[in-house]
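>>> one predicted model, sequence on top.
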Amino acid sequence: MITEQTPIPPGTPGESLRLPAPAPGWRREADVVVVGSGVAGLTVALRCRAAGLRTVVVTKARLDDGSTRWAQGGIAAALGEGDTPEQHLDDTLVAGVGLCDADAVRLLVTEGPGAVRRLIGTGARFDTERTEEGGTEISLTREGGHHRRRIVHAGGDATGAEVSRALVEAVRAEAIPTIENALALDLLKDADGRTAGITLHVMGEGQHDGVGAVLAPAVVLATGGMGQVFAATTNPAVSTGDGVALALRAGAEVSDLEFVQFHPTVLFLGPGAEGQQPLVSEAVRGEGAHLVDADGVRFMTGQHELGELAPRDIVAKAITRRMREQGATHMYLDARHFGADMWENRFPTILAACRAHGIDPVTEPVPVSPAAHYASGGVRTDTDGRTTVPGLYACGEVACTGVHGANRLASNSLLEGLVYAERIAAHLITGHAASPERSGTAGDGHRTAREPVREPVRAEVLQPPEDRFAVQRVMSEGAGVLRSAASLRAAAEALDALRARAVAAKPAEPGVDTWQTTNLLTVARVLTEAALAREETRGCHWREDHPERDDPAGARHIVITLDAPTHTPRLRPTSGTTFPPTRPHD
């Protein structure tokens, strides 16, 4: 029986953190519970279900409301004539600025083409073009950091929406059980410290109401990113870092959180704009758009051999520098030479977003500025998606496999979600077939769920909902595109003050808003600590007070766990770029 967790005195051995919540009022069992319904989560679910594993999908909103459907550009894979996985690997390693794990990248680029073809087999329809012989082939475009056209896309600039549609339809066709409108709260463990399931809160429209539990010997985190930790982001409102915060409370390692990619071309809606902002895909530059300042000068010329198609960190820095030099709030993306037909057929989503905000890219340059876009770091895993907590897996943006290094190469995100989701599923399927006795078996041959135990638990301090906006503003000011020791310390102090105020005040009521705000603060504090520790500029981590890269000393990962008694991050820099140096667990 699952019981409500009771806080215990500080310093008790083995204690972990939990969000204050009512005791679970309902439960169900599965072989695998997948938390998240983007490309990574649904791919794991489909593969596991096909192998006969009882699989449950838990998602924070509706099945198609995650970050995947907002992806515009496409999926990178060596599918074009003359392209090879080795060339894709080289571009990825260059973008990652010395911190990619080469073995993890090699898996990505070699298994990627097959994963894309299997996605097509699932029902995804990508854009095609006529060949000289009169047939058709997949249409490929180019994005920043790529030396070849290798980006498959759908609906012109609606790739994510098409991928989400295909996977959601497949999940529904397979009748995979799903719990929608459910916020995952905390990991449950058995007497051996292995994963036993999760607690979750259904927000009124799911199959259950209130707090419940899904018991399973394997939990896969596919919760997406944490862009909402910043005031302006391309991420949807649900991207509050819940998976990273849950993993930290469970004792898992996270890595590389300081590497937050700021997309260089986000539609500028004004200096006070907050929340999710419209993205202007890198594919627009891939098709020939130019970055210019207010005087029409192409300032990327001479900055990099690829010009406007340099890796994102370089373009974001160049835009920010130019803005500072000219005292401007934004730059411009000029694609008037595309003409109306190209805008309407190749980039209909972006065209509609611009026009909805009073800008017509057919006749005028589009105002753009950088905004938080993608977390290259996350929950530390091996190449089978295993974290440092037995039975807990992670894939997609919530994970850190070592693929992205210090800066993700454009359109490698959906590919990583596909490839590493398939690897997790394969590992779970093999383990299920080989050793069902580890958890016992039910009469139908399925593994029985491990029974959670009452473990030493420290109740997390809940932040009031109004602190969400304070966290976002603090992070944008102190840990945004430009960082320094002074700005990061100021951010850390402000975050600590928010927590101290919550500790001293009347406890906030448990609920979705307080849980999400608490997750945001946890992730923000750990991110800030990692950014303070990395005293160099590398990839998308730009330290004004340390403008140069620190090689070879800087070529290491900063691994962090959360100390439960003190709620402080514990840092452990690794000794090299191999990721991880050893397997997390057997």
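Great, that's in hand.
>>> tell me the centre residue of the chain?
E397 (2.3 Å; Cα atoms, centre = their mean).
>>> which residues touch it?
G38, A40, S67, G224, G225, Y374, A375, G378, S413, G417 (Cβ atoms under 8 Å, 6 or more residues apart in numbering). The C-beta positions use only the backbone N, C-alpha and C, and glycine is treated the same way.
>>> avg pLDDT for stretch 131-148?
Averaging pLDDT along stretch 131-148 gives 88.
>>> which parts of that stretch are buried?
Neighbour-count burial for stretch 131-148 flags I138, S139, L140, T141, R142, E143, G144, G145, H146, R148 (criterion: 16 or more other Cβ atoms under 10 Å).
>>> one more: stretch 40-55?
Going by neighbour count (16+ other Cβ under 10 Å), the buried part of stretch 40-55 is 40-49, 51, 53-55.
>>> can you tell me which of these end up in strands?
Mapping the buried residues of stretch 40-55 onto strands (DSSP state E) picks out T55.
>>> can you give me the helices for the stretch 1-150 of the chain?
39-50, 85-95, 102-122 (DSSP state H, counting those that start in this stretch).
>>> tell me the most buried of these?
Most buried of the helices of the stretch 1-150 of the chain by mean neighbour count (mean count of other Cβ atoms under 10 Å) is helix 39-50; its value is a mean of 27.
>>> if we can go back for a sec, and the contacts of E397, which are buried?
For the contacts of E397, buried by 16+ other Cβ under 10 Å: G38, A40, S67, G224, G225, Y374, A375, G378, S413, G417.
>>> picking up where we left off before, dump the buried residues of stretch 40-55 into CSV; add pLDDT and distance to A500 as well.
CSV is the format used below for these (pLDDT from 0 to 100; distance: Cβ to Cβ, whole Å):
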residue, pLDDT, distance to A500
A40, 97, 36
G41, 97, 36
L42, 97, 41
T43, 98, 42
V44, 98, 39
A45, 98, 41
L46, 98, 45
R47, 98, 45
C48, 98, 43
R49, 97, 46
A51, 97, 49
L53, 97, 45
R54, 97, 45
T55, 98, 42
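>>> return the member of the buried residues of stretch 40-55 nearest to D293.
A40 (38.3 Å; Cβ to Cβ).
>>> can you tell me how far that closest one is from A352?
27 Å (Cβ to Cβ, to the nearest Å).
>>> what do you get for R468?
Taken as Cβ to Cβ, the span from R468 to A352 is 29 Å.
>>> same check on A196?
46 Å.
>>> these two - which one has more neighbours?
A196 (24 against 13; other Cβ atoms under 10 Å).
>>> and the more buried one, which of the three is it?
strand (DSSP: H, G, I helix; E, B strand; the rest coil).
>>> tell me who's in contact with it.
A196 neighbours (Cβ under 8 Å, 6+ apart): L188, K189, D190, L215, A216, P217, G391, A449, R450, E451, P452, V453.
>>> still on that earlier bit, mind putting the buried residues of stretch 131-148 into JSON lines with distance to V512?
Putting those into JSON lines (distance: Cβ to Cβ, whole Å) gives the following:
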{"residue": "I138", "distance to V512": "41"}
{"residue": "S139", "distance to V512": "41"}
{"residue": "L140", "distance to V512": "42"}
{"residue": "T141", "distance to V512": "39"}
{"residue": "R142", "distance to V512": "41"}
{"residue": "E143", "distance to V512": "36"}
{"residue": "G144", "distance to V512": "37"}
{"residue": "G145", "distance to V512": "38"}
{"residue": "H146", "distance to V512": "40"}
{"residue": "R148", "distance to V512": "45"}
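>>> just give me the closest of those residues to L119.
Lowest distance from L119 to the buried residues of stretch 131-148 (Cβ to Cβ) belongs to I138, with 11.7 Å.
>>> surely the closest one and D127 touch.
Yes - using Cβ atoms under 8 Å, I138 is in contact with D127, at 7.4 Å.
>>> name the residues contacting each of those two.
Residues touching both I138 and D127 by Cβ under 8 Å, 6+ apart: V152.
>>> how close does D64 get to K189?
Distance of D64 to K189, given as Cβ to Cβ: 32 Å.
>>> low-confidence stretches in the chain?
Within the chain, the ranges that satisfy pLDDT under 70 run 1-15, 204-209, 433-450, 454-457, 575-586.
>>> could I get the full set of helices for it?
39-50, 85-95, 102-122, 159-173, 242-249, 282-286, 312-326, 339-346, 348-356, 412-434, 467-478, 485-504, 512-533 (DSSP state H).
>>> would TSV of those helices with distance to P565 be doable?
Shown next, in TSV, are the helices of the chain (distance: least, Cβ to Cβ, whole Å):
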stretch	distance to P565
helix 39-50	33
helix 85-95	39
helix 102-122	34
helix 159-173	41
helix 242-249	13
helix 282-286	44
helix 312-326	37
helix 339-346	55
helix 348-356	47
helix 412-434	32
helix 467-478	22
helix 485-504	13
helix 512-533	15
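>>> that older thread, which among the contacts of E397 gets closest to T110?
G417 (16.4 Å).
>>> for that closest one, which residues are in contact?
With Cβ under 8 Å, 6+ apart, G417 has these contacts: G38, V39, A40, T43, T68, A222, C395, G396, E397.
>>> repeat the analysis, applying 7 Å as the threshold.
G38, V39, A40, T43, C395, G396 (Cβ atoms under 7 Å, 6 or more residues apart in numbering).
>>> ok, the third one touching A394?
No - if you go by Cβ atoms under 7 Å, A40 and A394 don't touch, sitting 8.9 Å apart.
>>> give the buried residues for stretch 460-475.
Buried-residue list, stretch 460-475, by 16+ other Cβ under 10 Å: 460-465, 467-468, 470-472, 474-475.
>>> same thing with stretch 563-575?
Quick answer for stretch 563-575 (16+ other Cβ under 10 Å): A564, H567, P569, T574.
>>> give me the distance from that stretch to the chain's centre.
Averaged C-alpha coordinates place stretch 563-575 at 22 Å from its chain's average position (Cα atoms, centre = their mean, to the nearest Å).
>>> so which of the contacts of G417 is the closest to Q277?
Nearest to Q277, judged by Cβ to Cβ, of the contacts of G417 is G38 at 19.4 Å.
>>> and the gap between that closest one and G224?
G38 is 6 Å from G224, by Cβ to Cβ.
>>> find residues that contact each of those two.
G66, S67, G396.
>>> make CSV out of the residues you listed and add distance to M342.
Converted to CSV, the shared contacts of G38 and G224 look like this (distance: Cβ to Cβ, whole Å):
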residue, distance to M342
G66, 29
S67, 27
G396, 32
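>>> quick one on the thing from earlier: between the contacts of G417, which is nearest I176?
For those, the nearest to I176 is T43 (11.8 Å; Cβ to Cβ).
>>> the closest one touches L418, doesn't it?
Yes - the pair T43 / L418 is scored as a contact, 5.8 Å apart, by Cβ under 7 Å.
>>> can you name the farthest residue from the center of the chain?
The chain, Cα atoms, centre = their mean, max distance from centroid: E133 (41.0 Å).
>>> show me what the longest strand seen in the chain is packed against.
Secondary structure of the chain per DSSP E: the longest strand is strand 366-375. Packing partners of strand 366-375 (3 or more Cβ pairs under 7 Å, 6 or more residues apart in numbering; DSSP states H and E): strand 232-233, strand 260-267, helix 312-326, strand 331-334.
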